[in-house]
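Visitor: sequence unknown, structure follows:
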């Protein structure tokens, strides 16, 4: 992600997204859209399922994305908190 572009890293659990019918990833898209409406600038959001391609070295891809983000967007659910303790 370019240094001058606003960017975020979307952190969530896949299982919660699956159980909620994909609502967590729809929220990421809604936030991106709302940011663009309000600011006129595109918000780049790193979402693992969309930002990592088959065959990519996933750890390097994630480390690079985290290094270049403007902010972290954790989706706090009980399951997410279980993984971070």
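Guide: Here it is on my side, so go on. The structure displayed is predicted, hence computed values, not measured ones.
Visitor: okay, now residue 9: neighbour count?
Guide: 22 (other Cβ atoms under 10 Å). The way it works is simple: take the backbone N, C-alpha and C, and place the C-beta from them, glycine included.
Visitor: following the helix or strand that contains it, which helix or strand shows up next?
Guide: Following DSSP states H and E, one finds residue 9 within strand 7-11. Beyond strand 7-11 on the C-terminal side, the first helix or strand identified by DSSP H and E is helix 14-19.
Visitor: now the helix or strand just after that following helix against strand 7-11, angle please.
Guide: Moving toward the C-terminus from helix 14-19, the next helix or strand (DSSP H and E) is helix 23-39. Computed by axes from the mean of the first three to the mean of the last three Cα atoms, to 10 degrees, the angle separating helix 23-39 from strand 7-11 equals 160 degrees.
Visitor: what's helix 23-39 packed up against?
Guide: Applying 3 or more Cβ pairs under 8 Å, 6 or more residues apart in numbering; DSSP states H and E, one finds that helix 23-39 contacts helix 14-19, strand 44-46.
Visitor: confidence-wise, which of those is weakest overall?
Guide: Least confident of the helices and strands packed on helix 23-39, judged by mean pLDDT, is strand 44-46 with a mean of 86.
Visitor: which strands and helices sit next to that strand?
Guide: Here strand 44-46 touches strand 7-11, helix 23-39, going by 3+ Cβ pairs under 8 Å, 6+ apart.
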